[in-house]
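[1] here's my sequence, what's the structure:
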Amino acid sequence: MASESRKATENKPIQLVIADVDGTLVTHEKVLTRRAIDAVFKLREAGVKFAITSGRPPHGMDMFVEPLKLDQPIAAGAGQRRNRDGGSAAEHHRDPDR
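    Presented below is the predicted three-dimensional model:
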């Protein structure tokens, strides 16, 4: 089964990377390092979009927008999303048959 999955993704370029914030993108001291910033810019140079996600509320993610030049929606706590324009919107998806 693993080989089938591998075959399905061969020759398909990565289009998007989504990173968690705390403990992944930032250090345990909550520092966004130059190394992390450079890695995000290298992804973009390679044509890969970059977005972040966290259990933080949307306003708790604002500190990443400028240094990372974020241009994709941000997935925040409780299913909230921060849009490119800085606005926040909660999204709820319902099955119309329920």
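
[2] which helix is the longest one in the chain?
    Scanning the chain for the helix with the most residues, using DSSP state H, yields helix 34-45.

[3] may I see the buried residues of the helix or strand immediately after that helix in the chain?
    Using DSSP states H and E, the helix or strand that follows helix 34-45 towards the C-terminus is strand 49-53. The neighbour-count check on strand 49-53 (16 or more other C-beta atoms under 10 Å) flags 50, 52-53 as buried. All C-beta spots, glycine's among them, are computed from the backbone N, C-alpha and C.

[4] run the angle between strand 49-53 and helix 34-45 for me.
    Between strand 49-53 and helix 34-45, the angle comes out at 130 degrees (axes from the mean of the first three to the mean of the last three C-alpha atoms, to 10 degrees).

[5] name the helices or strands packed onto the next helix or strand after strand 49-53?
    Going down the chain from strand 49-53, the next helix or strand is helix 62-68, by DSSP H and E. Using 3 or more C-beta pairs under 8 Å, 6 or more residues apart in numbering; DSSP states H and E, the elements in contact with helix 62-68 are helix 34-45, strand 49-53.

[6] repeat that with 10 Å
    helix 34-45, strand 49-53, strand 74-75, strand 80-82 (3 or more C-beta pairs under 10 Å, 6 or more residues apart in numbering; DSSP states H and E).
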